[in-house]
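> I would like to see how this sequence folds:
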Amino acid sequence: MSHAVDPQNQSAVPTKVQEAVPESVERALPDSVHNTDNTESAWVSHATGDSIVPEVIQKAAPEALERALPDSIHDTSGLPSQ
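Next up is the predicted model:
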């Protein structure tokens, strides 16, 4: 059994491998490769405006990376300050 939130759409790991490895191995992988984090902020874009970044990359990138991009490329100006 896979422990990914959405094994088909949120994992780059082949299904048979997901099902064969222990849960600890799945959870050790970065969520951008194999998402096992089911919190609301996992696997979502943090853009609050226009973005030229492909949506799949937006969803895989950590929030800190999205915030680091210039707003002219990936607008996160509407997010609360950290």
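> separation between the nearest residue to Glu23 once chain neighbours are set aside and Ala20?
Distances taken as C-beta to C-beta, 6 or more residues apart in numbering place His3 nearest to Glu23, at 5.1 Å, with adjacent residues excluded. To be clear about C-beta, it is placed using only N, CA and C from the backbone, and glycine gets the same treatment. Plainly put, His3 is 12 Å away from Ala20 if you go by C-beta to C-beta, to the nearest Å.
> Who has more neighbours out of those two?
Between His3 and Ala20, counted using other C-beta atoms under 10 Å, the more crowded position is His3 (19 against 10).
> Would you check that that one makes contact with Val25?
No. His3 is not in contact with Val25 according to C-beta atoms under 8 Å; the separation is 9.6 Å.
> returning to what we had before: do you know how far the residue nearest to Glu23 is from Glu63?
From His3 across to Glu63, the span is 22 Å (C-beta to C-beta).
> So which bits of the least confident helix or strand in the chain by mean pLDDT are buried?
Lowest by mean pLDDT, DSSP states H and E among the helices and strands of the chain is helix 55-60, with a mean of 84. Across helix 55-60, burial judged by 16 or more other C-beta atoms under 10 Å covers Gln58, Lys59, Ala60.
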